[in-house]
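J.: What would the 3D arrangement of this be:
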Amino acid sequence: MQGWHNLAGYKRLYILGAGFSRPAGMPLTNELLPLVFKQAAAIKTPDSDPVLGHAEILLRELRFLLPGMRFSSEDLLNGIVPRGFDFERFLTYASVISASQMGTGEQLDEHNNQVV
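T.: Reported below is the predicted structural model:
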């Protein structure tokens, strides 16, 4: 998969975490989503939302994977995350779906079934 990412021009986001790095100025896990959202919003392409940029993709995935939570772009840009949001769980869901799509070339529907 590493070669494919390089050929497709994707940039990786590495997330390192441990509370002991807080004194060094590193964010804690519960602060990561707004930071990632702001970075994604700064990435603009001709086919992306003019205001949200690639954060629109992230917002769509958050709403798809966690439909019981209320995510808004305004809140995320202001550093507000829905109560009970678990960033590690979201990353687990997203990585499983990504690996499935990469491995099969298939998309998943709202019930996580492969769309044929």
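J.: Next, count neighbours for A41.
T.: Neighbour count for A41, taken as other CB atoms under 10 Å: 21. C-betas here are computed from N, CA, C, even on glycine.
J.: quick one: it and N78 touch, right?
T.: No - counting by CB atoms under 8 Å, no contact exists between A41 and N78, whose distance comes to 11.9 Å.
J.: Mind picking out the helix or strand in this structure with the poorest mean pLDDT?
T.: Least confident helix or strand of the chain, by mean pLDDT, DSSP states H and E, is helix 2-8 with a mean of 55.
J.: which parts of the next helix or strand after that helix are buried?
T.: Downstream of helix 2-8, the first helix or strand assigned by DSSP states H and E is helix 32-41. Going by neighbour count (16 or more other CB atoms under 10 Å), the buried part of helix 32-41 is 32-34, 36-37, 40-41.
J.: Quick check: the farthest pair among these?
T.: Within the buried residues of helix 32-41, two members stand farthest from each other by CB to CB: L32 and A41, at 14.7 Å.
J.: For the closest residue to N78 other than its chain neighbours, give its distance to L66.
T.: In space, and not counting its chain neighbours, N78 is closest to P34: 7.7 Å by CB to CB, 6 or more residues apart in numbering. Separation of P34 from L66 (CB to CB, to the nearest Å) stands at 15 Å.
J.: Then V81?
T.: 11 Å.
J.: cool, and P27?
T.: On the measure of CB to CB, P27 and L66 end up 20 Å apart.
J.: so where's the chain shaky on pLDDT?
T.: Along the chain, segments meeting pLDDT under 70 span 1-20, 101-116.
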